[in-house]
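Participant: The sequence and its predicted three-dimensional model are supplied below.
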Amino acid sequence: MTEHLTVVNPSLQERIDATPTGMMHWSGTGPAGKTCFGCLNFDQRKLRSKAEREAPETVNGACDRWRRHFEGAGEPKRRRIFDARTPACSHFREPSPQEEA
């Protein structure tokens, strides 16, 4: 943030600062205690190492919903990688038991 600009809404500014590029909506606006890792829209690369397979929630990924939204707006196909432990946004979708299998 530029030090010469006035912050009109401090709580909104906190959300903006906490939201990584590539997230569909403000970080922390989803279900309490949920992270991007638990969302159906969160897409990780193939887990390569044993450490990654044992703790997949630590492997960064991208929001597939964000990618599809901006691809449709003429943006080239690209993913913005961010921390899987980021607090979930309002577009959070929990997998159903059938989708987890």
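Facilitator: All right, it came through fine.

Participant: Could you pull out the buried residues of stretch 23-36?
Facilitator: Across stretch 23-36, burial judged by 16 or more other C-beta atoms under 10 Å covers M23, M24, H25, W26, S27, G28, G30, T35, C36. Any C-beta I mention is one placed from the backbone N, CA and C, and that applies to glycine too.

Participant: contacting residues around it?
Facilitator: Residues outside stretch 23-36 that contact it (C-beta atoms under 8 Å, 6 or more residues apart in numbering) are 15-16, 18-20, 39, 41-42, 57, 61, 63, 65-66, 69, 80, 82-92, 94.

Participant: Just the buried residues of those residues.
Facilitator: By 16+ other C-beta under 10 Å, the contacts of stretch 23-36 give 15, 19, 39, 41-42, 61, 63, 65-66, 82, 84, 86-89, 91-92 as buried.

Participant: quick one, phi psi at the spatially closest residue to H25 that is not a sequence neighbour?
Facilitator: Take H25 and drop its neighbours on the chain: the residue closest to it by C-beta to C-beta, 6 or more residues apart in numbering is C89, 3.8 Å away. The phi/psi pair for C89 (degrees, to the nearest 10) reads phi -100, psi -180.

Participant: mind listing the helices for the protein?
Facilitator: Using DSSP state H, the helices of the chain run over 10-18, 50-54, 64-71, 97-100.
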